[in-house]
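[1] quick one, structure for this:
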Amino acid sequence: MKNNFKIAWRSLGKSKAYTAINILGLAAGMAGFIIVLMVLNFEMSYDKWDPELQQVHRISMRVQDDIMEATPAPLASFLAEKHPGIEAATSMQGAGEYEVLISNEHKSIYYKGFTSADSLFLQVFPYELSSGNRATALDAPNAVIISEELSKVLFGSRNPMGETVKIFNAMEGVITGVIKKPTTPSHRTVHLVMRDPYANQNFFWNNFSYDTYIKLKEPVEEAALDVGLNRIFFEERIKGDEQQMAAYKAGNSPVLFSDAVPNIQNFSKFGNSNMKTVSILFILAVLLLFTGAINFSNLTVAKSISRAKEVGIRKTLGSGRQKLIFQFMSETGLQCTISLIIAILVVLIGLPYLNSSLNLQLSFMGQNSWDLLMQLGICLLVITLLSGIYPALYLSRLNPVKVLKGNFSGGKKGLGFRNVLLTFQFIVTGFFIVAIIGVNRQLDFMQNMDKGFTDEQVLRIETTQATREQGFDQTRLALLSIPGVSSVAKTTTVPGDKIADSSTYNFNYKAQQVRMGSVKVSTDYFKTLEVPLVSGRYFNESVADQNTRSAIINEAAARKLPVDDPIGETISFGGCDEGDVQIVGVVKDINVHGFEFTVKPAVYTIENKACMYQSGGAILVKLRSNQIQGTVAAIEQEWKSIEPNFPIRYSFLDTNFQQLFSSYYRLQKILSFFGGIAILISIMGLFALTAFIIKQRTREIGIRKLLGANLKTITTLIGRDFLLLVFLATLISIPISWWAVNQWLQDFAYKASLDWWIYASAGIIVLIIAIVTVSFQTVKAAMQNPVDSLRTE
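    Okay, here's the model as predicted:
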């Protein structure tokens, strides 16, 4: 064993260029694989911080194709009362990723993770408290529990128990508990939980603004749980109500479905998930790693010619094939270990850059570091076997008599297998090139597609509900008085928001129920966003418009209504007795949520005066393009008098909309990185195999030159077989890459077309790479003096 590793170590010093290319090529593939493995581990760790979470489920609603995560306020208590298998249920509201103003006596900060909930929150979610009593922490009407992180920010090292905090300078509570930090990430980050101060006045079935979570007494299959929940919901809520039964028979009644909390992040029944993208990246990383291993094998075989006589002498002196295989596998294991160490160092050095540029939170020595190290150990073993077994078998079976006579040919069988490996490498290369072009084409398509509105120079200002509602007219006039402001509007659904309201509601139209979204706006909303009018008119200051007796719908809603011309038709909010609303205009579809989703039918009305009260949203300010910086500074100054207790929070609408594509830009960068490595590895693999063939045919090349062959003939003779292999690889990669890119595009409601030139250009690029790589060595060999190659004869 000792001698084997001594020889393996000494062999690294021979043929330094080959060894360096070998190790660095494999290290590049390993580095990419480690990064994706870390991303996969991070995604799979969501909500694994307590085993009890397997019994906690989020309850959502589905009406036909519409998914509603926000549910009626009484649903949690209703299900807990009626379903015998439910131990506890809680209803909660939250700001999600939005930061809210949290203040105490000494400090005011904006922070994420705010949630208002009922007293049963801790009976459903098994958070541990470092201070306070879990059983009673949320009993008091003004109780607040905060995270350890938030406690350190607000109070430093002081004990926060009993301290008072304010939310938006409006809701005040007393801290009764401190939550220990969960050991893994969660689908719902919680930093402050306040006992819901508006629970009683919000407790009615038409209030679809609460998230419902239940905790089961025993684990139950989700399918069986959904059947039980819907049976109870039908018997108790639908069966005895004529209107609900009519909706049920028409297929417009809500259906409940559950998602176990550990599945929400990546395997929810409906909704977005990063898992598909992560799985794609993992497959690509495995392909990249295999390409590196294949390249390693080809380079090792190419290098083996110089060791053929060594094998012959070893066999002549009595060395068996098993010992030779072990010797060469030891060398491979040593080189693979060095590659892994280099890959880990590259990842550690590049991790801060990756986290910042790709907006990730990866850590090599995190909670799952031991799992990662074990996975890397398995990876090293597999790669050592994949990289080393073929060269070891190839070298160990060389005939000692032939190699000592100078005949190193491995026969056509060995050459055929190496050709298969090379073909696989270029299949992967062609696949990456098509994937890169396809992703770039979709991103360009999304950049240039008409969103239905103009988002340039539109400022989104986060405000309190009071400013958006009762104080809006005064705020609007104050902002319009600033030079550089052209218009001001408000909306409950802001295009480009990461979490924008996508709920739909039943609207009545001629005794039919039609599900459409409801958006509450102000008069100048369409003017501010420059939304084109298709027919009818925009809102004006008329009494009907200002008192929700008029509505504007989008094109999707116009298509959904069973009428050719909806102008002048009347609709009404389902479940309300507030009268009909007349449609006065149709506007172009506004793409609110990005291009993954089809634009939903939407009904726009002015003010929150009809049927249901809709919270959320923001104020939008249209700026003149020649005075952006000065206007923003003036708005910041004016805001101190509009909301003196709240520092202004603003962003630009076009920037927010771009953020919706952030995950795809990350995919683009990672694909380009992987594609570059795959191309580099393929070039090295082809370089190695070309060198191997040229060394075998050095004397043949010399004889052909002496017999009159020219440079073009010799170059064509040697390069022809390689180019045929690359051409074959291109033909194989085209249908595979076409299928894969089309599968990825299925996530988009609006997608670019994949024209034939994408595949043609990918094939041309691969062929150019092969021609340049092969020509470099074949031309060099063809120009060599034949006397030198024949001197040994």
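[2] tell me the domain ranges of this structure?
    Under the assignment automatic domain parsing, the domains of the chain span 2-41+274-444+662-790, 90-204, 464-645.
[3] residue ranges with poor pLDDT in the stretch 1-150 of the chain?
    When the per-residue scores of the stretch 1-150 of the chain are filtered using pLDDT under 70, the ranges that remain are 8, 13, 15, 17, 95-96.
[4] now do the helices in the stretch 101-250 of the chain.
    Chain-ordered helices for the stretch 101-250 of the chain, with DSSP state H, counting those that start in this stretch as the definition, fall at 121-124, 148-155, 222-233, 242-249.
[5] would you turn the ones you listed into JSON lines with distance to residue 45 and mean neighbour count?
    For glycine as for every other residue, the C-beta is placed from the backbone atoms N, C-alpha and C. Listed next are these as JSON lines, based on distance: least, C-beta to C-beta, whole Å; neighbours: other C-beta atoms under 10 Å:
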{"stretch": "helix 121-124", "distance to residue 45": "21", "mean neighbour count": "24"}
{"stretch": "helix 148-155", "distance to residue 45": "18", "mean neighbour count": "18"}
{"stretch": "helix 222-233", "distance to residue 45": "21", "mean neighbour count": "16"}
{"stretch": "helix 242-249", "distance to residue 45": "41", "mean neighbour count": "14"}
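[6] where among those helices is average confidence lowest?
    Per-stretch mean pLDDT for these is lowest at helix 242-249 (a mean of 75).
[7] with only the CA atoms kept, save that one in CSV.
    Taking Å, rounded to 0.1, in the frame of the first residue of the first chain, the C-alpha atoms of helix 242-249 are listed here in CSV:
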residue,chain,number,x,y,z
GLU,A,242,-79.0,28.1,-1.6
GLN,A,243,-76.5,30.4,-3.0
GLN,A,244,-73.6,28.2,-2.0
MET,A,245,-75.4,25.1,-3.5
ALA,A,246,-76.0,27.0,-6.8
ALA,A,247,-72.3,27.8,-6.9
TYR,A,248,-71.4,24.2,-6.0
LYS,A,249,-73.6,22.8,-8.9
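[8] ok, residues contacting that helix?
    Contacting residues not belonging to helix 242-249 are listed as 234, 237-239, 253, 506, 513, 575 [C-beta atoms under 8 Å, 6 or more residues apart in numbering].
[9] show the buried residues in those residues.
    For the contacts of helix 242-249, burial is judged from neighbour counts taken by 16 or more other C-beta atoms under 10 Å, and it is met by 234, 237-238, 253, 506, 513.
[10] could you list which of the contacts of helix 242-249 belong to strands?
    Secondary structure assignment by DSSP state E places 506, 513 of the contacts of helix 242-249 in strands.
[11] now for residue 337: which residues touch it?
    With contacts defined as C-beta under 8 Å, 6+ apart, the neighbours of residue 337 are residue 380.
[12] let's have the chain start at 19 instead
    I'll keep to 19 as the first residue from here, and by that count the last item is residue 355.
[13] measure it to residue 23 for me?
    Here the criterion is C-beta to C-beta, to the nearest Å. By it, residue 355 lies 11 Å from residue 23.
[14] now stretch 344-358: how far from the chain's centre is it?
    Centroid separation between stretch 344-358 and its chain, computed with C-alpha atoms, centre = their mean, to the nearest Å, is 36 Å.
[15] that older thread, make CSV from the domains of the chain and add distance to residue 242 to it.
    As requested, the domains of the chain are arranged in CSV below (distance: least, C-beta to C-beta, whole Å):
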stretch, distance to residue 242
domain 20-59+292-462+680-808, 24
domain 108-222, 20
domain 482-663, 28
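[16] so which of the ones you listed comes closest to residue 77?
    Between residue 77 and those, the shortest separation by C-beta to C-beta is 9.8 Å, and it involves domain 108-222.
[17] so how far is the first residue of that closest one from its last?
    With C-alpha to C-alpha, to the nearest Å as the measure, domain 108-222 spans 15 Å from end to end.
[18] re earlier: of all the contacts of helix 260-267, which comes closest to residue 206?
    When the contacts of helix 260-267 are compared for distance to residue 206 (C-beta to C-beta), residue 255 comes out closest, at 26.3 Å.
[19] quick one: that closest one and residue 273, what's the gap?
    The gap separating residue 255 from residue 273 is 12 Å, by C-beta to C-beta.
[20] mind jotting down where the helices sit in the stretch 319-468 of the chain?
    Taking DSSP H, counting those that start in this stretch as the criterion, the stretch 319-468 of the chain carries its helices at 326-334, 339-376, 387-414, 418-422, 429-466.
[21] nope, the stretch 619-768 of the chain is what I meant
    646-660, 671-677, 680-714, 716-724, 729-763.
[22] need the ones you listed in CSV with mean pLDDT, mean neighbour count and distance to residue 337, can you?
    What follows is the helices of the stretch 619-768 of the chain, written out as CSV (pLDDT from 0 to 100; neighbours: other C-beta atoms under 10 Å; distance: least, C-beta to C-beta, whole Å):
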stretch, mean pLDDT, mean neighbour count, distance to residue 337
helix 646-660, 91, 15, 78
helix 671-677, 84, 17, 63
helix 680-714, 77, 20, 24
helix 716-724, 81, 17, 28
helix 729-763, 84, 17, 34
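[23] between those helices, which one is nearest to residue 464?
    The minimum distance between residue 464 and the helices of the stretch 619-768 of the chain falls on helix 680-714, with 7.7 Å, by C-beta to C-beta.
[24] now stretch 171-185, how far from the centre of its chain.
    Stretch 171-185 has its C-alpha centroid displaced from the chain centroid by 35 Å (C-alpha atoms, centre = their mean).
[25] contact partners of that stretch?
    Residues outside stretch 171-185 that contact it (C-beta under 8 Å, 6+ apart): 118-123, 125, 127, 129, 132, 149-150, 162, 164, 169, 190-196, 210, 212.
[26] over to stretch 646-653?
    Contacts of stretch 646-653 (C-beta under 8 Å, 6+ apart): 475, 477, 479, 497, 500-503, 639, 641-642, 666, 668.
[27] alpha carbons of that stretch, as PDB, please.
    Taking Å, rounded to 0.1, in the frame of the first residue of the first chain, the C-alpha atoms of stretch 646-653 are listed here in PDB:
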ATOM      1  CA  ILE A 646     -35.800  62.200 -11.400                       C
ATOM      2  CA  GLN A 647     -33.200  62.800  -8.700                       C
ATOM      3  CA  GLY A 648     -34.500  66.200  -7.700                       C
ATOM      4  CA  THR A 649     -38.100  65.000  -7.700                       C
ATOM      5  CA  VAL A 650     -37.300  62.000  -5.500                       C
ATOM      6  CA  ALA A 651     -35.500  64.200  -3.000                       C
ATOM      7  CA  ALA A 652     -38.500  66.500  -2.900                       C
ATOM      8  CA  ILE A 653     -40.800  63.600  -2.300                       C
END
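[28] ok, back up a step: including distance to residue 446, could the buried ones among the contacts of helix 260-267 go into TSV?
    As requested, the buried ones among the contacts of helix 260-267 are exported to TSV (distance: C-beta to C-beta, whole Å):
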residue	distance to residue 446
252	53
255	55
256	54
271	50
524	52
531	53
